[in-house]
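K.L.:
the following comprises the amino acid sequence and a computationally predicted model.
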Amino acid sequence: MDLILDLPNEVLHEVGAEFEEDDWLALRMTCQAFNEKFREYHLDSKYARRRVFLAHRSVENLARISQHPSGMNSRVKHLDISFRSPYSVLSYDPQSGWYVPGMVGNHFVTDGEVNMICKIEWGNGHFNFREAEVAAELNAIAVSLKKALSNLPNLQSINLAIRKRDTKLTRPEWNLFYPSLGYGPGTRLPAGGVFDAESTDMEHSFIMVEQGLDNILTAACSVPSPKLQYLTWDRSETIFGTTESLDFFTPRLQPVFPNLRVLKIFVFLRASEHKTWIVTFPGWLGSIGSPLEELNLHLIFRFHIHRFEIDVIPLPETHMLSSLGKLHLDCAKFDPKNLIRFLTPCKRSLKELTLWSFLMEDPKGGCFELLKFLYDGFRLNQFKLVLDDCGWEFNKYKEAEYLIPNLDATGDWSSQSMVCIVSGDDLERRYRLTKHLGRELDAHNRADKFWDSISEGRWDSKEAVEHYKVRRAEYYDTTTSSSDSEFA
């Protein structure tokens with residue numbers, strides 16, 4: 001016992017990273033010395049990272065923690081807002097052939113808990129859609145979330161969605177949503193059986209998200225959080241994001257989150273929305289201010305809007321984002337000159353740049369101009385360029401003339417050790433070349449010569465272009481027909 005008590009705090013932190021709050025509680029219950037030694041570890045494991053669901057009971061529980069006189073609100077540092085429903089834990093009835101509420105393993109939940117399942121899950125598209133009940137639940141969630149956030153003084157991160165592996169309710173969460181099962185503090189979930197089975201995996205709450213994300217984001221961005229540094233969408237949950245209609249892009253974030261360091265967002269755009277969103281976006285992004293160090297912007301286009309149909313998205317041309325170290329732009333059309341002006345204040349700070357599914361009006365000349373600019377004074381450690389449709393926005397009225405290769409560069413472009421992997425389409429297979437990006441840019445002052453050299457003549461091969469056109473035409477014919485069927 002003395003050996004454990006004498007362990008340095010760093011070791012306890014490392015070992016305890018694998019512990020759950022009930023593990024720390026068990027240690028504290030061993031003896032008085034352990035109770036005093038592990039009290040802070042136990043409370044931090046319980047409160048430092050909180051997960052809430054789009055369910056009023058969950059968010060109201062967070063609000064109660066934020067108002068508790070014990071001061072536990074000061075321990076909350078990270079908030080995960082899950083898009084999975086705790087009320088989707090249904091048990092299979094072999095007689096009816098349906099997943100039905102009422103039984104978890106061999107335990108029956110109460111009528112009140114069944115009614116909550118019916119209210120949320122049956123209104124979530126599983127059975128009968130009850131729009132009024134869902135709207136009332138979401139309004140209550142927004143009110144409780146504002147109440148909670150207003151009294152979490154040390155909150156450092158808000159993450160929307162959860163990782164795929166976190167599909168299970170924890171013991172405290174089972175007790176919160178299904179108290180009749182009796183899994184309060186000091187108890188353990190049975191190992192194996194129904195609690196580890198796939199049947200108790202939480203499902204995504206699609207209807208709640210479609211209707212409720214406006215409320216959640218607006219609430220989260222209306223309460224000043226001076227210590228917040230991370231506002232992120234979980235990358236693994238690509239089905240979620242924000243639509244243009246949200247008030248999320250209206251307020252200036254700098255007064256609300258003055259120390260925001262990392263911003264990762266997904267933006268869903270529909271054909272009728274993107275023009276309005278484009279107008280407000282530059283001012284909103286520029287308002288974040290100089291503390292921002294990482295920006296990940298991922299656009300998703302829905303409902304028959306093709307990427308080549310969208311307008312050019314303007315970026316702010318201010319010096320406010322001068323500390324940007326990582327930039328990831330995904331599925332967007334930009335003007336290269338505007339992008340260059342946006343990146344100019346980041347010349348000393350930018351180390352990683354990813355341009356994924358990128359679109360430009362003149363990809364051949366625009367990308368070459370951008371590469372020349374980045375070679376002059378930047379010290380990038382990682383650089384990726386992947387153009388949508390190899391630089392040719394697919395359009396049946398437009399003929400492809402060339403295929404811009406993908407570039408994946410590691411290391412300072414001016415160093416001898418830098419490596420750039422050049423890859424692209426070459427008839428029936430893809431080619432992969434290793435080049436020195438800095439030397440290629442030094443050797444060529446014309447876009448045609450540069451692309452010809454770095455791809456070893458493959459970028460404008462007539463045979464490769466024709467083969468690519470046929471394959472893309474077949475792909476779009478297939479996706480268009482399936483999309484028309486889906487939305488018929």
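P.N.:
Everything's here; your move.

K.L.:
what ranges do the strands span in the stretch 251-400 of the chain?
P.N.:
Here the stretch 251-400 of the chain has its strands, by DSSP state E, counting those that start in this stretch, at 262-269, 294-301, 326-330, 352-358, 382-387.

K.L.:
let me know which of those is tucked in deepest.
P.N.:
strand 262-269 (a mean of 21; mean count of other Cβ atoms under 10 Å). For glycine as for every other residue, the C-beta is placed from the backbone atoms N, C-alpha and C.

K.L.:
pLDDT-wise, which helix or strand of this protein ranks last?
P.N.:
strand 98-100 (a mean of 44; mean pLDDT, DSSP states H and E).

K.L.:
contacts for stretch 222-235?
P.N.:
With Cβ atoms under 8 Å, 6 or more residues apart in numbering as the test, stretch 222-235 has contacts from 146, 149-150, 152-163, 240-241, 251, 255-266, 296, 298.

K.L.:
how about a cut-off of 6 Å?
P.N.:
146, 149-150, 154-161, 163, 256-259, 261-266 (Cβ atoms under 6 Å, 6 or more residues apart in numbering).

K.L.:
using PyMOL, define a selection of the buried residues within those.
P.N.:
Burial among these is assessed by 16 or more other Cβ atoms under 10 Å; the matching PyMOL selection reads:
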select buried, resi 146+149+155+156+157+158+159+160+161+256+257+261+262+263+264+265+266
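
K.L.:
can you tell me which of the contacts of stretch 222-235 are in helices?
P.N.:
Using DSSP state H, the subset of those located in helices is 146, 149, 256.

K.L.:
from those residues, pick the one nearest I4.
P.N.:
Using Cβ to Cβ, L149 comes nearest to I4 of these, at 37.6 Å.

K.L.:
if I look at that closest one, how far off is L155?
P.N.:
7 Å (Cβ to Cβ, to the nearest Å).

K.L.:
equivalent analysis for L371, please.
P.N.:
40 Å.

K.L.:
make sure G377 is actually in contact with K347.
P.N.:
Yes. G377 lies in contact with K347 (Cβ atoms under 6 Å); the separation is 5.1 Å.

K.L.:
more neighbours: which of the two?
P.N.:
Ranked by neighbour count (other Cβ atoms under 10 Å), G377 and K347 place K347 first, with 14 against 10.

K.L.:
ok, D448 to G365 distance?
P.N.:
9 Å.

K.L.:
what's the answer for A443, then?
P.N.:
18 Å.

K.L.:
same check on L353?
P.N.:
In terms of Cβ to Cβ, L353 sits 19 Å off from G365.

K.L.:
just L12 next, same as before
P.N.:
L12 is 58 Å from G365, by Cβ to Cβ.

K.L.:
mind listing the strands for the stretch 101-250 of the chain?
P.N.:
For the stretch 101-250 of the chain, applying DSSP E, counting those that start in this stretch gives strands covering 103-104, 107-108, 157-160, 203-204, 230-233, 242-243.

K.L.:
related to what we said a few turns ago, in CSV, list the strands of the stretch 251-400 of the chain along with mean pLDDT and distance to R39.
P.N.:
Formatted as CSV, those follow (pLDDT from 0 to 100; distance: least, Cβ to Cβ, whole Å):
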stretch, mean pLDDT, distance to R39
strand 262-269, 80, 32
strand 294-301, 82, 35
strand 326-330, 92, 38
strand 352-358, 90, 41
strand 382-387, 92, 43
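
K.L.:
could you list the domains of the protein?
P.N.:
The chain breaks down by automatic domain parsing into domains covering 1-47, 53-219, 241-359, 371-387+401-488.

K.L.:
and these as a markdown table, adding distance to W233?
P.N.:
Formatted as a markdown table, the domains of the chain follow (distance: least, Cβ to Cβ, whole Å):
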| stretch | distance to W233 |
| --- | --- |
| domain 1-47 | 24 |
| domain 53-219 | 5 |
| domain 241-359 | 5 |
| domain 371-387+401-488 | 20 |
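
K.L.:
list phi and psi for K435.
P.N.:
With angles defined as degrees, to the nearest 10, K435 sits at phi -130, psi 170.

K.L.:
ok, now R432?
P.N.:
According to degrees, to the nearest 10, R432 has phi -140, psi 120.

K.L.:
cool, D335 as well?
P.N.:
Dihedral angles of D335 (phi, psi; degrees, to the nearest 10) stand at phi -90, psi 120.

K.L.:
what's the closest non-adjacent residue to it?
P.N.:
Closest residue to D335 apart from its sequence neighbours, by Cβ to Cβ, 6 or more residues apart in numbering: V312 at 5.0 Å.

K.L.:
so the one you found touches A332, yeah?
P.N.:
No. Counting by Cβ under 6 Å, no contact exists between V312 and A332, whose distance comes to 9.0 Å.

K.L.:
for the two, indicate the residue with more neighbours.
P.N.:
Taking neighbours as other Cβ under 10 Å, V312 and A332 compare with A332 leading, 22 against 15.

K.L.:
got a list of what the more buried one touches?
P.N.:
Counting by Cβ under 6 Å, 6+ apart, A332 has contacts 299, 313.

K.L.:
how far away is it from I278?
P.N.:
Distance of A332 to I278, given as Cβ to Cβ: 10 Å.

K.L.:
shared neighbours of these two, which are they?
P.N.:
Residues within reach of A332 and of I278 at once, by Cβ under 6 Å, 6+ apart, are I313.

K.L.:
neighbours around C31, how many?
P.N.:
Neighbourhood size, C31 [other Cβ under 10 Å]: 11.

K.L.:
T218 versus D460, what's the distance?
P.N.:
Relative to T218, D460 is positioned 49 Å away (criterion: Cβ to Cβ).

K.L.:
and if you look at L62?
P.N.:
Distance from L62 to T218, by Cβ to Cβ: 17 Å.

K.L.:
between those two, which one's more packed in?
P.N.:
Using other Cβ under 10 Å, the more surrounded residue of L62 and T218 is L62, with 22 against 17.

K.L.:
in three-state terms, label the more buried one for me.
P.N.:
Classification of L62 by DSSP: H, G, I helix; E, B strand; the rest coil places it in helix.

K.L.:
test my guess that it contacts F53.
P.N.:
No. Counting by Cβ under 6 Å, no contact exists between L62 and F53, whose distance comes to 10.3 Å.

K.L.:
what bridges to the residue lying closest to P405 once chain neighbours are set aside?
P.N.:
Nearest non-adjacent residue to P405, counting by Cβ to Cβ, 6+ apart: G424, 3.6 Å away. With DSSP bridges applied, G424 shows beta-bridge pairing to Y431.

K.L.:
quick one: neighbours of G424, just the number.
P.N.:
Residues near G424, counting by other Cβ under 10 Å: 22.

K.L.:
neighbours of V11, how many?
P.N.:
For V11, the tally of surrounding residues (other Cβ under 10 Å) stands at 11.

K.L.:
now name the helix or strand holding it.
P.N.:
In the assignment (DSSP states H and E), V11 maps to helix 9-16.

K.L.:
could you pull up the mean pLDDT of that helix?
P.N.:
Helix 9-16 carries an average pLDDT of 69.

K.L.:
what's the helix or strand following that helix in contact with?
P.N.:
Remark: after helix 9-16, the chain's next helix or strand is helix 21-28, criterion DSSP H and E. Contacts of helix 21-28 with the rest of the structure, by Cβ under 6 Å, 6+ apart, involve 34-35, 38, 41-42, 45-46.
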